[in-house]
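Q: what's the 3D shape of this:
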Amino acid sequence: MDPAHLPGLFPATVRERLARSLRLPQTAAPLPEPAGGIAPEEAEVLITGWGCAPLTAGVLAGLPRLRAVLHAAGSVKGHLTDACWDRGLLVSSAAAANAVPVAEFALGAVLLAAKDAFRLAARYGTTGRPPSAAETAPLGGNGTRVGVVGASRTGRRLIELLRPFRFEVAVHDPFLSEAEARDLGVLPLELDALAATSRILTLHAPDLPATRHLLDARRLALMPDGATLVNTARGALVDTAALTAELATGRLGAVLDVTDPEPLPAGSPLFALPNVLLTPHLAGALGNELALLGESVAAEAERLRDGRPLRHAVHRADLAHRA
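A: Below is the predicted model:
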């Protein structure tokens, strides 16, 4: 991985835990060169992260004993190749750990959007005028429908976090069964119905060819006046031009932690709109939260050491519908 991420992902306490399961190199090196006293032909486990180069057949040829890849980040699509799956490597991802801060960020956005806090704060800062009773009459979280697009790890974690509040939660996910929806305590809906009936719509679907511009001009137009879109997933899920046009009318609000493109060009109208909160991809693990991903890897290493199945295993078949 990029060495810049090592201190955050593996602070001393996490590295000590990891060292109880694995013999660790003292220094890093580009694959498949020797790293800190461990020759490539000795390596049985790779710990990867952001910035890892693709594990091609040529790289794997220099790692004959490799049997597992533990990824200290989310998606493995950027560095795992067919050669890895053909080798039969065990693969694990820390995506579940990364889902925690994303869901927490989304919860904060939902709670504030329920009171239209972002738009009203922007207006208050420029005019000094508080909202009237008529303006606040539709606001609040008591019975307000929150639409969750994607019962992913993050989507499910958000559903859990929303339970203590008084929202009505509905979900769209083509892979979610009615039985699973009942277990989650949510109302399953088709996407058009979800968009048309949710005052807050929050995106937690993977970035796949089938989900590109999932929210296009037609679906954005279905959203009720005063609704807020929260996107902490991927910018490509939304048609940016269509969203910009809708937001420019003031009809909708948005909390956008991700955009397409990312970052936005300097002249994007989204920077200046008072009904838009733009954040620079903050929702995922950062700062002291990175250690959550390292802890996930350390736990998986313990399972490898003890001969137990990986808790967060990734399989080739998963990649068709996961990030």
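
Q: check which helix or strand covers Trp221.
A: Heads up, residue 221 is Ala, not Trp. Secondary-structure assignment from DSSP states H and E places Ala221 in helix 217-222.

Q: mind listing what the residue nearest the centre of the chain touches?
A: Closest to where the C-alpha atoms of the chain average out (CA atoms, centre = their mean) is Ala233, at 5.0 Å. Shown here is Ala233, whose contacts under the criterion CB atoms under 8 Å, 6 or more residues apart in numbering are 150, 154, 203-207, 258. (Each C-beta comes from the backbone N, C-alpha and C, glycine too.)

Q: Can you say which of those residues are buried?
A: For the contacts of Ala233, a neighbour count by 16 or more other CB atoms under 10 Å gives the buried set as 150, 154, 203-207, 258.

Q: Helices - which of the residues you listed land there?
A: Using DSSP state H, the subset of these located in helices is Thr154.

Q: Cross the buried ones among the contacts of Ala233 against strands and list the overlap.
A: For the buried ones among the contacts of Ala233, membership in strands holds for Leu203, with DSSP state E as the criterion.

Q: Present the buried ones among the contacts of Ala233 as JSON lines; the columns should include pLDDT.
A: Output for these, formatted as JSON lines (pLDDT from 0 to 100):
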{"residue": "Gly150", "pLDDT": "97"}
{"residue": "Thr154", "pLDDT": "97"}
{"residue": "Leu203", "pLDDT": "98"}
{"residue": "His204", "pLDDT": "98"}
{"residue": "Ala205", "pLDDT": "97"}
{"residue": "Pro206", "pLDDT": "95"}
{"residue": "Asp207", "pLDDT": "94"}
{"residue": "Val258", "pLDDT": "98"}
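
Q: between the buried ones among the contacts of Ala233, which is closest to Asn288?
A: Within those, the smallest distance to Asn288 is 19.4 Å, found for Thr154 (CB to CB).

Q: for the closest residue to the closest one other than its chain neighbours, helix, strand, or coil?
A: Taking CB to CB, 6 or more residues apart in numbering, and ignoring the residues beside it in sequence, Thr154 has Ala99 as its nearest neighbour in space, at 4.1 Å. Assigned with DSSP: H, G, I helix; E, B strand; the rest coil, Ala99 falls in the helix class.

Q: Could you check how many residues crowd around Ala99?
A: Residue crowding around Ala99 was assessed by other CB atoms under 10 Å; the count is 22.

Q: Report the separation between it and Ala68.
A: Ala99 sits at a distance of 22 Å from Ala68 (criterion: CB to CB, to the nearest Å).

Q: re the thing from before, check the residue nearest to Thr154 and give its pLDDT.
A: Per-residue confidence (pLDDT) for Ala99: 97.

Q: and what of the one 3 residues further on?
A: Val102 carries a pLDDT value of 98.

Q: So it lies in a strand, does it not?
A: No: assessed by three-state DSSP, Val102 does not belong to a strand; its assignment is helix.

Q: Can you verify my assumption that it contacts Gly155?
A: No: using CB atoms under 8 Å, Val102 is not in contact with Gly155, being 9.7 Å away.
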